[in-house]
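In: Below are the sequence and a predicted model for it; my questions follow.
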Protein chains: 2
Amino acid sequence: MTQQTEPARRTPLNRDRVLRAAVALADRAGIEALSMRSLAHELDVVPMALYKHVANKEQLLDGMVDVIVGEIDPPAGDADWKSAIRRRILSARRALLRHPWASRVIESRTSPTPGVLDYLNSIIGMFRAGGLSADLTHHAMHALGSRVWGFTQELFPASPGPAPADADPQALAALLGEMATRYPHIVEIVLARPHDGESVVGQGCDDQFEFEFALDLLLDGFERLHRQGWTSVERF
Amino acid sequence: MTQQTEPARRTPLNRDRVLRAAVALADRAGIEALSMRSLAHELDVVPMALYKHVANKEQLLDGMVDVIVGEIDPPAGDADWKSAIRRRILSARRALLRHPWASRVIESRTSPTPGVLDYLNSIIGMFRAGGLSADLTHHAMHALGSRVWGFTQELFPASPGPAPADADPQALAALLGEMATRYPHIVEIVLARPHDGESVVGQGCDDQFEFEFALDLLLDGFERLHRQGWTSVERF
DNA sequence: CCGCAAAGGTGTACGACGTACACCTTTGGT
DNA sequence: ACCAAAGGTGTACGTCGTACACCTTTGCGG
């Protein structure tokens, strides 16, 4: 007669539910708050229960990456390889922006998962379908680096200096002055975007623009090399 | 009469010795083996002693980055900005290659140290001295991203698949065949470098070449934009 | 319908880790 | 000679990943 209330037995965990819960938790609380313990708590289960579904935390992170990679749109039917690849990479970027922790996790993986290999294979296939040689494609992939995923390693996630939430505008101005004498060139280019001068340091640039600027520079470069029949010189 | 042997008192620690020991330990044992405890042990000191010299582990890592940044050569006196920047970045690359953990640590820093700001300021100054506008320089720095440090985020540190030290060549061949059917494009471009076909998977590419390929593509792109007076279009 | 193996979930425990805090020891300046 | 500051110590706490032995539920072949 103990507690009749519990109509349906808790549906058992499985790898997929674990991964999705992990992604959701990382989205909500940040990747640094994701531990085997916190995830288990989230799923109303004891920490060790997770190990019946993932081998260890590394595999959990691998699985989470594959969930995100699964969100990338399949190739669209663009006529030319350049815009097809461009669109696909920007789709990857959108997926990654939805999960701000994802780029850091991808960087930290030490060996690729099947989902990742599928994606890379498909991007390479798009270059090849466009007629680029295997040789040039090889170098192109290296040149893109993490940009195939839609992110650049930003030099610094936030703006330099202490937290901008300090409020005190006088101290901020003083700090800027100090910066300007010690690092004049940095300050100059940070302020180079003329129209959003309101916040002295914060959000000075349009990340999306910066990303596309670099991406197009590279894609245009590949195209130019392709057209002139470039091949890596014999270096041996 | 207890132990007269200990002629000179141990010279006291200081921040610099701590940082150098940390760099040396990371070089020798890998960054993942660097803990406050292991570093203290290395210095024949109790873990908490380190906290008299660095505020916490994050600051220790910051300091280690500055040590490495200090190893980058000062600007050479090249005539044109492009080759001057090229040389400087390749010098940074050499410094980073001497300390394989450094790129990962740089990536993980959340706010810049003075040494880092000095380096960035100086690179920006080189663009400006070459006549590039603050606007174009701004975008160029973004486009370079972590490449200013001389590294690219490799898609994967090692080759895909399980450890290649498995030795058994038959199993390796089978694995390669499996890869070739599932990821044909990847296998094709991995094998695209014709002359080092001996190791099936390992070390298929010349990282230095890949780095310079991408770097030159970008620098050439900046130069082209500069020559044609490029300016970021009004996007508002 | 029984019994039993496998699959799934639990509890306890261990050895790392970073670091707070109170304490002792050495040292250099007056 | 003294004393404050600087440098080093010892103990302790909370968190982490996860090994291992155990219990419970479930589905299936006899």
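Out: That came in fine, so what should we check first?
In: tell me the contacts of the closest residue to A:Gly77 other than its chain neighbours?
Out: Closest residue in space to A:Gly77, ignoring its immediate chain neighbours: A:Ala84 at 7.9 Å, by CB to CB, 6 or more residues apart in numbering or on different chains. In this view, the C-beta of every residue, glycine as well, is placed from N, C-alpha and C. Neighbour list for A:Ala84: A:75-78, A:126, A:130 [criterion: CB atoms under 8 Å, 6 or more residues apart in numbering or on different chains].
In: again, only this time at 7 Å
Out: Residues in contact with A:Ala84 (CB atoms under 7 Å, 6 or more residues apart in numbering or on different chains) are A:75-76, A:78, A:126.
In: Compare these and tell me which is most surrounded.
Out: Neighbour counts for these (other CB atoms under 10 Å in any protein chain shown) peak at A:Met126, which has 19 neighbours.
In: pLDDT at it, what is it?
Out: Per-residue confidence at A:Met126 stands at 98 (pLDDT).
In: do you know how far it is from DNA strand C?
Out: The gap separating A:Met126 from DNA strand C is 38 Å, by CB to the nearest atom of the strand, to the nearest Å.
In: check contacts around that residue.
Out: A:75, A:81, A:84-85, A:88.
In: list the buried ones in the helix or strand it falls within?
Out: Using DSSP states H and E, A:Met126 maps to helix A:114-129. By neighbour count on 16 or more other CB atoms under 10 Å in any protein chain shown, the buried set for helix A:114-129 is A:115-128.
In: on that earlier part again, pLDDT-wise, what's the bottom of the contacts of A:Ala84?
Out: Within the contacts of A:Ala84, pLDDT is lowest for A:Asp78, at 83.
In: Helix, strand or coil: sort out the residue nearest to that residue when sequence neighbours are not counted for me.
Out: Nearest non-adjacent residue to A:Asp78, counting by CB to CB, 6+ apart: A:Ala84, 3.7 Å away. Recorded secondary structure, A:Ala84: helix (DSSP: H, G, I helix; E, B strand; the rest coil).
In: try the one 5 residues further on
Out: Using three-state DSSP, the structure places A:Ile89 in helix.
In: For chain A, which residue occupies the most central location?
Out: A:Ser103 (3.1 Å; CA atoms, centre = their mean).
In: Mind listing residues that contact the host helix or strand of A:Leu60?
Out: In the assignment (DSSP H and E), A:Leu60 maps to helix A:57-69. Residues outside helix A:57-69 that contact it (CB under 7 Å, 6+ apart): A:15, A:19-20, A:22-23, A:26, A:36, A:54, A:95-96, A:99, A:102, A:105-106, A:109, A:113, A:115-116, A:119.
In: again, only this time at 6 Å
Out: A:19, A:22-23, A:54, A:95, A:99, A:102, A:105-106, A:113, A:115-116, A:119 (CB atoms under 6 Å, 6 or more residues apart in numbering or on different chains).
In: near DNA strand D at all, that helix?
Out: Yes. Contact between helix A:57-69 and DNA strand D, assessed by CB under 7 Å from any atom of the strand, occurs at A:57-58.
In: any idea which element A:Leu97 lies in?
Out: Judged by DSSP H and E, A:Leu97 forms part of helix A:81-98.
In: That helix - what's its average pLDDT?
Out: Here the average pLDDT along helix A:81-98 is 98.
In: tell me which residues of it are tucked away?
Out: Buried residues in helix A:81-98 (16+ other CB under 10 Å): A:81-82, A:84-86, A:88-89, A:91-93, A:95-96.
In: Could you tell me the angle between that helix and helix A:57-69?
Out: Orientation of helix A:81-98 against helix A:57-69 (axes from the mean of the first three to the mean of the last three CA atoms, to 10 degrees) gives an angle of 130 degrees.
In: got the angle for helix A:81-98 vs helix A:114-129?
Out: Counting by the same axes, to 10 degrees, helix A:81-98 lies at 160 degrees to helix A:114-129.
In: Please see if the following helix or strand past helix A:81-98 touches DNA strand D.
Out: Taking DSSP H and E as the definition, the helix or strand that follows helix A:81-98 towards the C-terminus is helix A:102-108. No. Residues of helix A:102-108 are not located near DNA strand D by CB under 7 Å from any atom of the strand, the shortest gap being 12.8 Å.
In: Quick one: mean pLDDT for helix A:102-108?
Out: pLDDT averaged over helix A:102-108 gives 95.
In: and that helix, how far out from the chain's middle?
Out: Distance of helix A:102-108 from its chain centroid, counting by CA atoms, centre = their mean, to the nearest Å, is 7 Å.
In: which residues sit against that helix?
Out: Applying CB under 6 Å, 6+ apart, the contact partners of helix A:102-108 are A:61, A:65, A:68, A:96, A:149, A:151.
In: Leaving out chain neighbours, which residue sits closest to the third one?
Out: For A:Ile68, the nearest residue in space outside its immediate sequence neighbours is A:Ala102; the separation is 4.9 Å by CB to CB, 6+ apart.
In: Around that neighbour, count how many other residues there are.
Out: Count around A:Ala102 with other CB under 10 Å applied: 26.
In: Same question for A:Ser38.
Out: 14.
In: Now it: which helix or strand?
Out: Here A:Ser38 is assigned to helix A:36-42, by DSSP H and E.
In: What about contact with DNA strand D: does that helix have any residue there?
Out: Yes. Using CB under 7 Å from any atom of the strand, we find that helix A:36-42 touches DNA strand D at A:36-38.
In: With respect to chain B, which of those residues is nearest?
Out: A:Met36 (18.7 Å; CB to the nearest CB).
In: and the closest one, how many residues sit next to it?
Out: 17.
In: which ones are touching it?
Out: A:47, A:50.
In: okay if I get the buried residues of helix A:114-129 as CSV plus distance to B:Met179?
Out: Compiled in CSV, those are given as follows (distance: CB to CB, whole Å):
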residue, distance to B:Met179
A:Gly115, 15
A:Val116, 13
A:Leu117, 8
A:Asp118, 12
A:Tyr119, 15
A:Leu120, 12
A:Asn121, 10
A:Ser122, 15
A:Ile123, 16
A:Ile124, 13
A:Gly125, 15
A:Met126, 19
A:Phe127, 18
A:Arg128, 16
